[in-house]
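Chemist: just coords:
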């Protein structure tokens, strides 16, 4: 698995990915794509077989209550996964790194993220990790 870290996230996430064994994981700015719009990144992500890491969850997976109904991954039938770090507005670096660390811990279980979203979110009872299919399992059989 190789991650592509979104421009809106710190370069420190790349260092963390490398330290955890994901050495082929760059930052969007390192591959000359700084300032690219989401729809342009989508094609790059899919063609490069990247697992994309972002905090702009809605832009990529669509609304939380209807993932895949909108956003860049709407209508995508095959992708290498999406990691969404959903903290509060103004989430600081320490929280961002903690959320990504939790996502990486979840991946240690040996399961990939093909056609899945892994969300790390701050809820009323603390940090929670959610995985779900995107597209939904019933959509892929159509």
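Modeler: Perfect, I can see it now. Model, not experiment: these values are computed from the prediction.
Chemist: now the spatially most central residue of the chain, what are its backbone angles?
Modeler: Per Cα atoms, centre = their mean, the C-alpha nearest to the average position across the chain is that of residue 83, at 2.2 Å. Main-chain torsions, residue 83, degrees, to the nearest 10: phi -110, psi 120.
Chemist: bridged to the spatially closest residue to it that is not a sequence neighbour, which residues?
Modeler: The spatially closest residue to residue 83, leaving aside those adjacent along the chain, is residue 53, at 4.4 Å (Cβ to Cβ, 6 or more residues apart in numbering). Every C-beta, even on glycine, is put in place using the N, C-alpha and C of the backbone. Beta-bridge partners recorded for residue 53 (DSSP bridges): residue 5, residue 83.
Chemist: neighbours around residue 53, how many?
Modeler: 26 (other Cβ atoms under 10 Å).
Chemist: ok, now which ones touch it?
Modeler: Going by Cβ atoms under 8 Å, 6 or more residues apart in numbering, residue 53 touches 3-6, 9, 13, 83, 85, 100, 103.
Chemist: which of those residues lies closest to residue 47?
Modeler: For these, the closest approach to residue 47 (Cβ to Cβ) belongs to residue 4, at 11.2 Å.
Chemist: and that closest one, what does it touch?
Modeler: Neighbours of residue 4 in contact, by Cβ under 8 Å, 6+ apart: 25-28, 31, 44-45, 48, 50-53.
Chemist: again, but for residue 8
Modeler: So residue 8 contacts 54-56 (Cβ under 8 Å, 6+ apart).
Chemist: thanks a lot, catch you later.
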